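> structure of the sequence below:
(chains A and B)
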Amino acid sequence: GAGVSQSPSNKVTEKGKDVELRCDPISGHTALYWYRQSLGQGLEFLIYFQGNSAPDKSGLPSDRFSAERTGGSVSTLTIQRTQQEDSAVYLCASAEQFGLHPGYTFGSGTRLTVV
Amino acid sequence: DAKTTQPPSMDCAEGRAANLPCNHSTISGNEYVYWYRQIHSQGPQYIIHGLKNNETNEMASLIITEDRKSSTLILPHATLRDTAVYYCIVRVGGKGGSEKLVFGKGTKLTVNP
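Residues are numbered from 1 along each chain as shown, chains lettered A, B, ... in the order given. Prediction:
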């Protein structure tokens, strides 16, 4: 597609439930990133996929968070047993592997509210 | 950790130039300066980048000091739609998406009518 697509755009869930957030990157982009942005805060790096390499999970805040990227394209971020502090906008970005200009393109995000 | 420091907020009058500073005193010789902005409720958007020469594109100009320890993003004629959080980032060039992009807290620019 023309851009990075994220779904759903909004998600309200009850505390303790599991949620899945989806990201469709730009076709051909080998790098995919997940960030989290809490209200009034900056972007917090969560996880990074690059081609077939092992993902960089160094930003995942707890073992309740996990992500997969199937076939080098679509990615799913899963949050298990959601807590109220998980409420945030979850942003996905994709990029070509190399190039002088990072070429990061961000999606519009999924706004997660845990009640 | 972010390698840059920016003022948390700035104001600018509509139609005037907005000059957003960024300090990156520990920048390495092969690191570029990149600027992104995030308009409310949207994902960050690329603006401009540079190594040591001043750069200009249709969105903005980037002025980098000779010692490369600081830079200024210039929006020549700010409009209300330029109200956003502006992020200054330094990273090695040529790596594209081969490493993560670390964002600091940025500068909240408010353009006033």
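
> the closest residue to B:Glu55 other than its chain neighbours pairs with what?
Among residues not flanking B:Glu55 along the chain, B:Leu62 sits closest, at 4.5 Å (CB to CB, 6 or more residues apart in numbering or on different chains). Quick note: C-beta positions are derived from backbone N, CA and C, even for glycine. Beta-bridge partners for B:Leu62, by DSSP bridges, are B:Glu55, B:Leu73.

> residues contacting B:Leu62?
Counting by CB atoms under 8 Å, 6 or more residues apart in numbering or on different chains, B:Leu62 touches B:33, B:35, B:48-50, B:54-56, B:71-74.

> equivalent analysis for A:Cys23, please.
For A:Cys23, the contact set (CB under 8 Å, 6+ apart) comprises A:4-6, A:32, A:34, A:74-77, A:92, A:94, A:107.

> circling back: look up how far A:Gly109 lies from the residue nearest to B:Glu55.
Counting by CB to CB, to the nearest Å, the gap from B:Leu62 to A:Gly109 is 27 Å.

> over to A:Leu60?
Look at A:Leu60 and A:Gly109: by CB to CB, they are 18 Å apart.

> and what of A:Ala54?
To A:Gly109, A:Ala54 is 26 Å away according to CB to CB.

> okay, those two: which has more neighbours?
A:Gly109 (23 against 7; other CB atoms under 10 Å in any protein chain shown).

> please, which helix or strand holds the residue with the shortest distance to the centre of chain B?
Residue closest to the average C-alpha location in chain B (CA atoms, centre = their mean): B:Trp35, at 3.2 Å. Applying DSSP states H and E as the criterion places B:Trp35 in strand B:31-38.

> re the thing from before, per-residue confidence at the residue nearest to the centre of chain B?
Confidence at B:Trp35, expressed as pLDDT, is 94.

> just give the nearest non-adjacent residue to it, would you?
Nearest non-adjacent residue to B:Trp35, counting by CB to CB, 6+ apart: B:Ile47, 4.3 Å away.

> ok, the residue nearest to the centre of chain B - contacts?
Here B:Trp35 is in contact with B:22, B:46-49, B:60, B:62, B:73, B:86-89 (CB under 8 Å, 6+ apart).

> are any of the residues you listed buried, and if so which?
The neighbour-count criterion (16 or more other CB atoms under 10 Å in any protein chain shown) marks B:22, B:46-49, B:60, B:62, B:73, B:86-89 among the contacts of B:Trp35 as buried.

> how about those in CSV, adding pLDDT and distance to B:Glu14?
Below are these laid out as CSV (pLDDT from 0 to 100; distance: CB to CB, whole Å):
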residue, pLDDT, distance to B:Glu14
B:Cys22, 97, 23
B:Tyr46, 89, 24
B:Ile47, 94, 19
B:Ile48, 93, 21
B:His49, 90, 26
B:Ala60, 97, 16
B:Leu62, 97, 22
B:Leu73, 98, 17
B:Tyr86, 97, 17
B:Tyr87, 94, 22
B:Cys88, 94, 23
B:Ile89, 89, 27
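
> identify the residues contacting the residue nearest the centre of chain A.
By CA atoms, centre = their mean, the mean C-alpha position of chain A lies nearest to A:Trp34, the distance being 3.1 Å. Applying CB under 8 Å, 6+ apart to A:Trp34 gives the contacts A:23, A:46-48, A:67, A:75, A:77, A:90-92.
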